[in-house]
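Peer 1: return a 3D structure for these sequence lines:
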Amino acid sequence: MEGQEAASTSNHFLIPEEKGQVCCDEWGDSQDDFLVKVLEDSESAGTQRKDECGEGISNTSFEKSTFGNEIKHKCALSGHQDSATSDSQLEPLQAFRHGYLWVSDFSSQAWCEQKLHYSYTAPALVQETPAMTQGSTLHLARELAAHDKVDVNVTSNEDIWAIKVINLLMSAQGFLNGQALAREVPVFGAPFGLDIFIVGLIDELRFDLDQYTVDLSDLKTRTSSHMPSRSQEAQHRLQVMLYKKLFDDLVQGKVAKDLIAKHLRLRLDSQFGEGIMTHLKSAGIECNTLSELLDFTYRRLQSCTCVNKLSIEYVFQDTGETLGRKEILYDEDDLRQKFVESIDYWMGRRPPKGVEIEEAWKCHRCEFVDICEWHQRKTEECVERNRKNACV
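Peer 2: Take a look at the predicted model:
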């Protein structure tokens, strides 16, 4: 979508979603809860490959990139570079993610960075499983229990991102008006001042009016009827801590508008399309541009409070039964360290890394095991080590 001409709005297209989440953005206001779905031109959408964020990559191909090799970008990413640089080597942040990341990119990276890398360089091996579909269904059921749907036509990238900002605004406004629950709350920012822009969708925020506290909860569905392993817990812990960091930075006024314009390539002073204008007017909001809408939203957010408690709810997919809830202790120093380590890969400062031998069990159910050079290398190292030990 970035850098492309405005599309007409004859057919349905859902707003960019997070990996593993239902393809919807939703919010609730103090009067009527509703879910907004953006409508976009099908001809434009049909000529692009949509990644999990809903962004288009036009006429793009990559050479198979393996451990130790730099990424070879063969054709220009839409809106990102001209013909003079179309054959240049790009870091993963630009080659795969259009210059900004999703929170789930970091949680996937925590599970296995090499697997994450292959999901972009060998996407044909990734297939949706019944477990993925069932997990999405459970997420959607919870969303629709709190919100109705509203269709909003969009005609520009600024309109699309306005949907996200309105979503966030209505969650904040709802809390200030005494609403106790918001689901699928968008957050964004550049944590720790490292100039890496992150976008995410918080599953659930709960507001306690008496205590004036906000608690954050994330829903994880499981195919087994037992709680997750330590490795899975560590992956989920990183995700919810990053959600908190992004939300808190917004509340504290740390996300500058020019940062958004820079990383998302948006024209903040561009007039909204008729669909967004009509929707804003019906909600009693007098904003004509994304710049004005951000100002209005930030004023509301800064009347809220930072996240108090973090938790993860684990649900058994077959029955919908809650298996347990894990309370997460927020550790900003630990989050900062892991964040810095992760972005080294995204900035192309090092090749992707796979799991160590202690977590090689992850490889047994990985769809990339047959092409994984990291796995092959570690296997050869293990064989050689055993051979030497046998000779002693």
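
Peer 1: isn't Tyr243 up against Val103?
Peer 2: Yes. At 6.2 Å, Tyr243 counts as touching Val103 under the criterion of Cβ atoms under 8 Å. Glycine gets a C-beta too; all of them are placed from N, C-alpha and C.

Peer 1: what do those two both touch?
Peer 2: Val187, Gly200 (Cβ atoms under 8 Å, 6 or more residues apart in numbering).

Peer 1: packing partners of the top helix by length along the chain?
Peer 2: Ordering each helix of the chain by length in residues (DSSP state H) puts helix 230-251 first. With contacts taken as 3 or more Cβ pairs under 8 Å, 6 or more residues apart in numbering; DSSP states H and E, helix 230-251 sits against helix 103-111, strand 181-189, strand 197-208, strand 213-222, helix 290-301, strand 307-316, strand 322-328, helix 332-346.

Peer 1: closest one to Gln94 among the ones you listed?
Peer 2: Nearest to Gln94, of all these, is helix 332-346, at 9.1 Å by Cβ to Cβ.

Peer 1: if we can go back for a sec, most tightly packed of the helices and strands packed on helix 230-251?
Peer 2: Greatest average neighbour count among those goes to strand 181-189 (a mean of 24), per mean count of other Cβ atoms under 10 Å.

Peer 1: and that strand, how far from the chain's centre?
Peer 2: 11 Å (Cα atoms, centre = their mean, to the nearest Å).

Peer 1: for stretch 118-128, same thing?
Peer 2: 18 Å.

Peer 1: try stretch 159-176
Peer 2: Put simply, stretch 159-176 sits 17 Å off its chain's centre (Cα atoms, centre = their mean).

Peer 1: that older thread, closest one to Arg387 among the helices and strands packed on helix 230-251?
Peer 2: Proximity to Arg387 (Cβ to Cβ) singles out helix 103-111 among these, at 30.7 Å.

Peer 1: neighbouring contacts of that closest one?
Peer 2: Counting by Cβ under 8 Å, 6+ apart, 18-21, 97, 115-116, 119, 187, 198-201, 231-232, 234-236, 238-239, 242-243, 246, 338-339, 342, 345, 362 sit against helix 103-111.

Peer 1: check the gap between Leu323 and Arg377 for me.
Peer 2: Leu323 is 37 Å from Arg377, where distance means Cβ to Cβ, to the nearest Å.

Peer 1: which of the helices or strands spans Leu266?
Peer 2: Leu266 belongs to no helix or strand when assigned by DSSP states H and E.

Peer 1: does it touch Glu158 like I think?
Peer 2: Yes. Under the criterion of Cβ under 8 Å, Leu266 makes contact with Glu158 at 5.5 Å.

Peer 1: shared neighbours, the two?
Peer 2: Common contact partners of Leu266 and Glu158 (Cβ under 8 Å, 6+ apart): Leu290.

Peer 1: and those two? Which one has more around it.
Peer 2: Taking neighbours as other Cβ atoms under 10 Å, Leu266 and Glu158 compare with Glu158 leading, 24 against 20.

Peer 1: now that one: which helix or strand?
Peer 2: Counting by DSSP H and E, Glu158 is found in helix 157-176.

Peer 1: can you check Cys304 too?
Peer 2: For Cys304, there is no helix or strand it lies in under DSSP H and E.
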